[in-house]
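Enquirer: sequence and predicted model, in that order:
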Amino acid sequence: ADIHGVVHAGRADLVDAGPETALRWIADNTNPEGITGTLKEAVRGADVFIGVSAPNVLDGGDVAAMAEGAIVFALANPDPEVDPAVARQTAAVVATGRSDFPNQINNVLVFPGVFRGLLDAQSRTVDTGMMLAAAGALADVVTEDELNANYIIPSVFNPGATESVAAAVKRAALALRQA
């Protein structure tokens, strides 16, 4: 969804959009059910909401209308799409871009490790495999016994995150060079 509602192939503003436009790509490659309407309508019964847009586009009632055990990533910063404290009342897991709530999603979690890994491998390129390696390494920093609704991603202060990401990116970069 964007400011005009759910992105779908039949949306009027996409009729003349060329295949290279971002919204056309989204319409052609996502939303296979052909959902239309507003964001608030689209999240009803949804398992997951990932927001990277604007503050306060959802409220507690919208989150409560999601599926049981819903996951909410309200990442607009500094004001997320829904107040994380309100979302926590009914969502099973909530993450935000803000440092004053658990599960802060922040690019600083991977930047030092990605760059260290690229430098160590003397890589001149970055590919999807390296980024996936970084994501996997970051996820593995949180151990099974640490994992809970308030700790799905390590803190930006976790000393193991940078080292783990760097090693994974280096391995992926070296594998790409050898391929």
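Expert: Structure's in. What do you need? Residues are numbered from 1 along each chain as shown.

Enquirer: does Asn31 touch Arg11 like I think?
Expert: No - assessed by C-beta atoms under 8 Å, Asn31 is found out of contact with Arg11, at 10.1 Å. C-beta here means a position set from N, CA and C on the backbone, and glycine is covered the same way.

Enquirer: please enumerate the strands of this protein.
Expert: Using DSSP state E, the strands assigned to the chain run over residues 48-51, 71-74, 93-96.

Enquirer: tell me which of the ones you listed lies nearest to Thr162.
Expert: strand 93-96 (19.9 Å; C-beta to C-beta).

Enquirer: what does that closest one contact?
Expert: For strand 93-96, contacts defined as C-beta atoms under 8 Å, 6 or more residues apart in numbering pick out 71-75, 77, 80, 84, 87-88, 101-105, 149, 152-153.

Enquirer: want to throw the strands of the chain into JSON lines with mean pLDDT?
Expert: Shown next, in JSON lines, are those (pLDDT from 0 to 100):
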{"stretch": "strand 48-51", "mean pLDDT": "96"}
{"stretch": "strand 71-74", "mean pLDDT": "98"}
{"stretch": "strand 93-96", "mean pLDDT": "97"}
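
Enquirer: between those strands, which gets nearest to Thr38?
Expert: strand 48-51 (13.3 Å).

Enquirer: mind listing the strands the closest one pairs with, and their directions?
Expert: Using DSSP bridges, strand 48-51 pairs in its sheet with strand 71-74 (parallel).

Enquirer: C-alpha coordinates for the strand it pairs with, PDB please?
Expert: Presented in PDB, the C-alpha positions along strand 71-74 are these (Å, rounded to 0.1, in the frame of the first residue of the first chain):
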ATOM      1  CA  ILE A  71       3.800  -9.400  13.600                       C
ATOM      2  CA  VAL A  72       4.100  -5.600  13.300                       C
ATOM      3  CA  PHE A  73       7.200  -3.900  12.000                       C
ATOM      4  CA  ALA A  74       6.400  -0.200  12.300                       C
END
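
Enquirer: starting at the chain centroid, how far to it?
Expert: Centroid separation for strand 71-74 versus its chain: 9 Å, with C-alpha atoms, centre = their mean, to the nearest Å.

Enquirer: one more: stretch 1-19?
Expert: Taking C-alpha atoms, centre = their mean, one finds stretch 1-19 lying 22 Å from the centre of the chain it belongs to.

Enquirer: what sits against Asn150?
Expert: Asn150 touches 102-103, counting by C-beta under 8 Å, 6+ apart.
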